[in-house]
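Colleague: Can you look at this prediction? I've put the sequence above it.
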Amino acid sequence: MSAPELQTENTLPFSTKDRLSLKILGFFSRLSLSTLQYLGLLIGSIAAWFPHGPAWVIRRNLKLCFPEQSERWLNETTKQNLIYTAQTALEFTKTWGMPPEYSIQQMTEVENGELFFDAIKSPKGCFILVPHYGNWEFMNAWVSEHANPVIMYKPSKNKSMDFFVRAARGRLNTTLVPTDEKGVKAIFKTLKAGGVSIILPDHTPHDNGGIFAPFFGISVWSGILASKLIQKTQGEVIMLSCVSRGSGQGFKIVAEPVDPLVYSTDLAISVAAVNSSVESLIRRNPTQYQWVYKRFKKCETLKNVYQ
């Protein structure tokens, strides 16, 4: 059943705007994946004509991370990233609005699958790093088919979006925990029991949740949660990504090892290793990363990066 649970929206205290947003999300989820990808191509291509807004942020991030690249490369990569970002956003509505089996069927290739399957069997637990790269939402269904991962979830400020996403993730074999001390304890307990947890390691943490660590040669405020949990549990750590194989060809999941220094007892070294692992993934195909996110808004030496 497409867009399940949306029928219950009438019983919830949504505003007219929220109800309209839910209907729009439901509409997009009923379109074919190839249609959504084509729409993303159009939207991203049009957005590339406007030098401000998302295009400016993407280009600014690329310039910071790839200062050696030419203006032509920056312009073309910005355009391709805008297309990818639009396609990914629309693809999200599809995986959120369809049963998990649909998303699993789209996983047409798995690279280094044995690394993933060995890691989730670890008696010390398995920590999966999933950067904002490719389409991580489509991958959730595949992961939850093989494990019961604990995932931190921060409710969206958009009530209709939050309802849509929660309904989707509620159909998966996952456990959502809050992004606070209670959630951290739940993850720690899961890992100690030999379970699996997923964390997105490349966001900017709160003031008391990070340290400065290098990322693309820039000392940026970086999360310490993953490193602290790794130090306490010494569980297996791997990185997963999911990228489109092209229109009509499904998605490819890639499991890969991380920088072994993530296991360091020195927090600064471990955090730097997490960043370097994410950086290595991005460098292979920069167009697949969420450059629209203002990752460098808090740097040790660079100030007012996005002004």
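Modeller: Thanks, I have it.
Colleague: residue ranges for the strands of the stretch 51-200 of the chain, please.
Modeller: 107-111, 126-129, 150-152, 175-177, 196-199 (DSSP state E, counting those that start in this stretch).
Colleague: would a markdown table of these with mean neighbour count be doable?
Modeller: C-beta here means a position set from N, CA and C on the backbone, and glycine is covered the same way. Rendered in a markdown table, the data for the strands of the stretch 51-200 of the chain read as follows (neighbours: other C-beta atoms under 10 Å):
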| stretch | mean neighbour count |
| --- | --- |
| strand 107-111 | 14 |
| strand 126-129 | 24 |
| strand 150-152 | 21 |
| strand 175-177 | 18 |
| strand 196-199 | 24 |
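Colleague: could I get the ones you listed as a markdown table with distance to Lys159 and mean pLDDT?
Modeller: Putting these into a markdown table (distance: least, C-beta to C-beta, whole Å; pLDDT from 0 to 100) gives the following:
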| stretch | distance to Lys159 | mean pLDDT |
| --- | --- | --- |
| strand 107-111 | 31 | 94 |
| strand 126-129 | 29 | 96 |
| strand 150-152 | 20 | 90 |
| strand 175-177 | 17 | 88 |
| strand 196-199 | 25 | 94 |
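Colleague: Just send those strands back as CSV, with distance to Asp207 too.
Modeller: Listed next are the strands of the stretch 51-200 of the chain as CSV, based on distance: least, C-beta to C-beta, whole Å:
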stretch, distance to Asp207
strand 107-111, 38
strand 126-129, 23
strand 150-152, 18
strand 175-177, 22
strand 196-199, 19
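Colleague: closest to Phe138 out of those strands?
Modeller: Taking C-beta to C-beta, strand 107-111 is the member of the strands of the stretch 51-200 of the chain nearest to Phe138, at 7.6 Å.
Colleague: Direction included, what does the closest one pair against?
Modeller: The pairing partners recorded for strand 107-111 under DSSP bridges are strand 251-257 (parallel).
Colleague: Does the very next helix or strand once past the strand it pairs with pack against any helices or strands, and if so which?
Modeller: With elements assigned by DSSP states H and E, the helix or strand that comes after strand 251-257 is helix 267-284. Counting contacts by 3 or more C-beta pairs under 8 Å, 6 or more residues apart in numbering; DSSP states H and E, helix 267-284 packs against strand 126-129, strand 210-215, strand 218-223, helix 225-233, strand 236-244.
Colleague: other SSEs contacting the last one?
Modeller: Going back to what we said before, that points to strand 236-244. helix 113-119, strand 126-129, helix 136-146, strand 251-257, helix 267-284.
Colleague: In the longest one, which residues are buried?
Modeller: Of the residues in helix 267-284, those with enough neighbours to count as buried (16 or more other C-beta atoms under 10 Å) are Ser270, Val271, Ala272, Ala273, Val274, Asn275, Ser276, Ser277, Val278, Glu279, Leu281, Ile282.
Colleague: same deal with the first one?
Modeller: Residues Leu115, Phe116, Ala119 are the ones in helix 113-119 that count as buried (16+ other C-beta under 10 Å).
Colleague: wait, isn't Glu109 in contact with Ala255?
Modeller: No: using C-beta atoms under 8 Å, Glu109 is not in contact with Ala255, being 11.7 Å away.
Colleague: who's in contact with Asp162?
Modeller: Pro155, Ser156 (C-beta atoms under 8 Å, 6 or more residues apart in numbering).
Colleague: gap between it and Gln80?
Modeller: According to C-beta to C-beta, to the nearest Å, Asp162 and Gln80 sit 30 Å apart.
Colleague: How about Arg72?
Modeller: Separation of Arg72 from Gln80 (C-beta to C-beta): 13 Å.
Colleague: Please work out how many residues are found near the residue lying closest to Ser21 once chain neighbours are set aside.
Modeller: Leaving aside its sequence neighbours, Ser21 sits nearest to Ser160 (C-beta to C-beta, 6 or more residues apart in numbering; 3.8 Å). For Ser160, the neighbour count with other C-beta atoms under 10 Å is 22.
Colleague: Looking at the helices and strands packed on helix 267-284, spot the one closest to Lys23.
Modeller: Per C-beta to C-beta, nearest to Lys23 of the helices and strands packed on helix 267-284: strand 236-244, 26.6 Å.
Colleague: Show me the shaky parts of this structure.
Modeller: 1-14 (pLDDT under 70).
Colleague: remind me, longest helix of it?
Modeller: If you go by DSSP state H, the chain has its longest helix at helix 71-97.
Colleague: Next, the angle helix 136-146 makes with that helix.
Modeller: Put simply, helix 71-97 runs at 50 degrees to helix 136-146, going by axes from the mean of the first three to the mean of the last three C-alpha atoms, to 10 degrees.
Colleague: Now do helix 71-97: which elements does it pack against?
Modeller: Using 3+ C-beta pairs under 8 Å, 6+ apart: helix 71-97 touches helix 16-29, helix 33-47, helix 54-65, helix 100-105, helix 136-146, helix 159-169.
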